[in-house]
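Participant: Dropping the sequence and predicted coords here.
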Amino acid sequence: MSGRSIGAYFPWCRMKVAHHNVVEGSGRAMVRLEPDLRFRPLCHECGRVGRRIHSHARKFVRDLDFGGHRMLLQVEHRKVFCGSCRQVRVEKLDFVDVHQRVTLRLGAYAAELCRLGLSVDAVARHLDLDPKTVKTFDKAALQRDFGTTNYEGIRRLAIDEIAVRKGHDYMTVVLDYDTGRVVWMGTGRQIATLDVFFNNMPDPVRNGVEAVAIDMWEPYIASVRKWCPQADIVFDLFHVVKAFNKVIDDIRNEEGRKADAAGRATLKGTKYLFLKNWGNLRCDQRIRLNEILSLNQRLNTVYWLKDFLVHIWSYHIPGWAEGALAEWCGVARDDGHPALERFARTLERYHYGIVNHCKHRIHTSKIEGVNNKIKVVKRIAYGFHDLEYFALKVKQALPGRPEDN
Ligand SMILES: [Zn+2]
């Protein structure tokens, strides 16, 4: 069978199709490529013309499937004496990297499937490739598109941490709040972590940052103050409610332990009743919750505090927000439970960031949405324990849209 007729499918310089055949019944096809002698071989390292051929070698390279067949290229290539490197070098091939056994176009296709949302494992199975190979190509494509930090157009930031391993090991995520774009990710959640981000930020952008939404976490606060003293720090409701839900749950458990058998039975399995918003409860769930609240004064107070906490974030006028905050802390202190007193102290210490919300209406749902999306990426990409790859995947999944404004 002549190999010439399929040459157009392998439009690579310095190599030509010498032979091709389909391995009957195996679903595989083989194409043999040989050097095109009209060209002199190049050194793969420096790209210069190799002066002398040192030897001939062969490698097998997977290519895109062809006509329903798995395609294997038998590449007859050369090694050259490179005068510039002063070494024997493998010749440069424009369709496959020197250490790879997969063509660049198959690698690009694998990366594209990853970009569309398939997991590396799914792509590897689909293309019959090693998952490590798929990841290498995906990561290289991501590096190209998202490898450098783009500080353009930033006015308001939301900064958050995510746990990458249970209980310890955190990463810091910096979001352009106005577009929803993940700008940067770094390992850790310390001052030094954020310092890296701000240190590389061009001065005009840094001086133009108007607001930063964060959790009440001192290292972040310190770093933002150091680099963007003009920016308003805003504490978003999402994190505050999350912290208060923990207090609610602890107190509910404590009340359960204190109660008699009947009281314990009433409180059993009611965690979600307290954590869910009233509006999301079914009619029977509301009745049950009301029953509990009428029987237990402390839980009644705690539930009221939860509702009122959300309310503080709805004010537009700083003075009113201050007043509501003072009222909240007063009720919490009157109850006398140490956890409530602690929470009141925290809110008072950070009151500036709560009042700043009147000026910068940072929506909690947006931050929550980003967190949820990152969790999906984590499931898909985290198996590799490669935090750099994970960060690139997050940036790819959250490229931001101007219409999110
Ligand atoms: Zn060279």
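Facilitator: Alright, I've got the coordinates.

Participant: In the stretch 301-405 of the chain, which residue sits nearest the ion?
Facilitator: Relative to the ion, the nearest point of the stretch 301-405 of the chain is Glu388 (29.4 Å; Cβ to the ion). Backbone N, C-alpha and C define where each C-beta goes, glycine included.

Participant: and that residue, what is it in contact with?
Facilitator: With contact taken as Cβ atoms under 8 Å, 6 or more residues apart in numbering, Glu388 is in contact with Lys139.

Participant: per-residue pLDDT, it?
Facilitator: Glu388 is assigned 92 on the pLDDT scale.

Participant: Which secondary structure element is home to it?
Facilitator: Taking DSSP states H and E as the definition, one finds Glu388 inside helix 387-397.

Participant: Ok, Asp121 next?
Facilitator: Here Asp121 is assigned to helix 120-127, by DSSP H and E.

Participant: Show me what that helix is packed against.
Facilitator: Contacts defined by 3 or more Cβ pairs under 8 Å, 6 or more residues apart in numbering; DSSP states H and E place helix 120-127 against helix 104-115, helix 131-146.

Participant: Could you point out the helix or strand that follows the longest one?
Facilitator: It stands for helix 131-146. Next along from helix 131-146, by DSSP H and E: strand 156-165.

Participant: Dump the helices and strands packed on helix 120-127 into JSON lines; add mean pLDDT and mean neighbour count as well.
Facilitator: Putting the helices and strands packed on helix 120-127 into JSON lines (pLDDT from 0 to 100; neighbours: other Cβ atoms under 10 Å) gives the following:
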{"stretch": "helix 104-115", "mean pLDDT": "96", "mean neighbour count": "19"}
{"stretch": "helix 131-146", "mean pLDDT": "95", "mean neighbour count": "18"}
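
Participant: Between these, which one is closest to Thr179.
Facilitator: Of all the helices and strands packed on helix 120-127, helix 131-146 sits nearest to Thr179, with 14.6 Å by Cβ to Cβ.

Participant: got the CA coordinates for that closest one in CSV?
Facilitator: Output in CSV follows, covering the C-alpha atoms of helix 131-146 (Å, rounded to 0.1, in the frame of the first residue of the first chain):
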residue,chain,number,x,y,z
PRO,A,131,-3.6,10.1,33.3
LYS,A,132,-0.2,11.7,34.0
THR,A,133,0.2,12.4,30.3
VAL,A,134,-3.2,14.0,30.1
LYS,A,135,-2.5,16.1,33.2
THR,A,136,0.9,17.3,31.7
PHE,A,137,-0.8,18.6,28.6
ASP,A,138,-3.7,20.1,30.5
LYS,A,139,-1.3,21.8,32.9
ALA,A,140,0.9,23.2,30.0
ALA,A,141,-2.2,24.6,28.3
LEU,A,142,-3.4,26.2,31.6
GLN,A,143,0.0,27.7,32.2
ARG,A,144,-0.1,29.4,28.9
ASP,A,145,-3.6,30.9,29.5
PHE,A,146,-3.6,31.5,33.3
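
Participant: Against which helices or strands is that helix packed?
Facilitator: Contact partners of helix 131-146 among helices and strands, from 3+ Cβ pairs under 8 Å, 6+ apart: helix 104-115, helix 120-127, helix 387-397.

Participant: ok and that helix relative to helix 387-397, angle-wise?
Facilitator: Using axes from the mean of the first three to the mean of the last three Cα atoms, to 10 degrees, the inter-axis angle of helix 131-146 relative to helix 387-397 is 60 degrees.

Participant: And helix 131-146, how far out from the chain middle?
Facilitator: In terms of Cα atoms, centre = their mean, to the nearest Å, the centre of helix 131-146 is found 15 Å from the chain centre.

Participant: What's the first helix or strand after the host helix or strand of Arg32?
Facilitator: Using DSSP H and E, Arg32 sits in strand 28-35. Sequence-wise, the next helix or strand downstream of strand 28-35 (DSSP H and E) is strand 52-66.

Participant: Adjacent strands (with direction) for the helix or strand following that next one?
Facilitator: Next helix or strand after strand 52-66 toward the C-terminus (DSSP H and E): strand 69-82. Here strand 69-82 has these sheet partners by DSSP bridges: strand 28-35 (parallel), strand 52-66 (antiparallel), strand 87-90 (antiparallel).

Participant: residues touching Ala29, list them.
Facilitator: By Cβ under 8 Å, 6+ apart, the contact list for Ala29 reads 20-23, 66-67, 69-72.

Participant: Also near the ion: which of those, exactly?
Facilitator: By Cβ under 5 Å from the ion, no member of these lies near the ion.

Participant: Show me which of those are buried.
Facilitator: By neighbour count, with 16 or more other Cβ atoms under 10 Å, the contacts of Ala29 hold 20, 70-72 as buried.

Participant: Out of those residues, which comes closest to the ion?
Facilitator: For the buried ones among the contacts of Ala29, the nearest to the ion is Leu72 (28.7 Å; Cβ to the ion).

Participant: Provide a list of residues in contact with that closest one.
Facilitator: So Leu72 contacts 28-31, 60-63 (Cβ under 8 Å, 6+ apart).

Participant: could you dump the strands paired with strand 69-82 to a markdown table with mean pLDDT?
Facilitator: Shown next, in a markdown table, are the strands paired with strand 69-82 (pLDDT from 0 to 100):
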| stretch | mean pLDDT |
| --- | --- |
| strand 28-35 | 95 |
| strand 52-66 | 95 |
| strand 87-90 | 95 |
